[in-house]
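**Student:** Okay, sequence plus prediction incoming.
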Amino acid sequence: MNASPTTVDLTPPPGVIVIFSDIWCSFAHIAVHRLHATRERLGLTGRVRFDHRAFPLELLNEAPSPRPGTDSEVGRMASLEPAAGWQLWQDKDWLYPSTTLPALEAIQAAKQQSLDASEQLDLGLRRAFWAQSRSISNRKVILDVATETGAVDVAALAEALDDGRARKELSRQAVISATDRVNCSPHLFLPDGSDHPNPGIEVSWVGDYGVGFPVIASDDPSAFEDLLKRAAIG
């Protein structure tokens, strides 16, 4: 009998951080960039891995993420973490991704190879969307990004996408994301049992999403040092 989504244990083993997020989320783009950069700076790349889980906004909101929403976030969020890579959408309007589900599924499929393959594909897809204006809902774009990482068995990933073997896991994660166990994208879970929604950033909005804009009350990038050190200890 499957565990209820409200009781499933989200605490990872020592040396792992679970990250619920969506690629459409600019706050997750910042968090994932900072996790990678801080992990490397602290010399913890071999000791802490990232276990990406889907927080699929389009399923939770029952609608695709509106482009005006992501456009409204670029300038403000880019000023917090320019090195993550940003630009307003530069390709043709009809190539703007209408869904992130294929990309989120690919990240779960890559995880069947290794956490490293999954984290590198996740990072590559975020950069492809936010910094390179690439249509990450397209299968070829996903496989091209996988090739560029140098960490993914692309033939195996293509086979997994064709037979949909990671789709059930994606759906399971969506069900968990719809409970009060996961508050937002990003939401991190540590081996010590603690959890941290949108770490380091306090934000509010002026106007409705897609019409208004985010207002950052505070930003503490050093929060990720503490999270990574705690995950390394377990």
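**Tutor:** Structure's in. What do you need?
**Student:** Next, the residue nearest to R126 when sequence neighbours are not counted: phi, psi?
**Tutor:** Excluding its sequence neighbours, the residue lying closest to R126 (Cβ to Cβ, 6 or more residues apart in numbering) is H29, at 5.1 Å. Where you see a C-beta, it was placed from the backbone N, CA and C, and this is true even at glycine. For H29, the backbone dihedrals (degrees, to the nearest 10) come out as phi -60, psi -40.
**Student:** Going forward, the N-terminal residue is numbered 25.
**Tutor:** Okay, using 25 as the starting number, the last item reads as H53.
**Student:** Surely H53 and W154 touch.
**Tutor:** Yes. With contact defined as Cβ atoms under 8 Å, H53 counts as touching W154 (5.2 Å).
**Student:** For those two, list the residues in contact with both.
**Tutor:** A108 (Cβ atoms under 8 Å, 6 or more residues apart in numbering).
**Student:** what about L214, distance to E249?
**Tutor:** 13 Å (Cβ to Cβ, to the nearest Å).
**Student:** P38 now?
**Tutor:** In terms of Cβ to Cβ, P38 sits 18 Å off from E249.
**Student:** now do P210
**Tutor:** If you go by Cβ to Cβ, the gap between P210 and E249 works out to 16 Å.
**Student:** try Q156
**Tutor:** 28 Å.
**Student:** likewise I240?
**Tutor:** I240 is 20 Å from E249, by Cβ to Cβ.
**Student:** which of those two has more neighbours?
**Tutor:** E249 (16 against 13; other Cβ atoms under 10 Å).
**Student:** Tally up the residues packed near the nearest residue to that one once chain neighbours are set aside, please.
**Tutor:** In space, and not counting its chain neighbours, E249 is closest to T62: 5.8 Å by Cβ to Cβ, 6+ apart. If you count neighbours by other Cβ under 10 Å, T62 ends up with 20.
**Student:** now do A170
**Tutor:** 27.
**Student:** And it, how far from K164?
**Tutor:** 10 Å.
**Student:** what does Q137 give?
**Tutor:** Distance from Q137 to K164, by Cβ to Cβ: 20 Å.
**Student:** These two: which is more packed in?
**Tutor:** Set Q137 next to K164 and count neighbours by other Cβ under 10 Å: Q137 wins out with 16 against 9.
**Student:** and the nearest residue to that one once chain neighbours are set aside, how far is that from G224?
**Tutor:** For Q137, ignoring the flanking residues on the chain, the nearest one in space by Cβ to Cβ, 6+ apart is D177 at 5.6 Å. For D177, the distance to G224 (Cβ to Cβ) stands at 34 Å.
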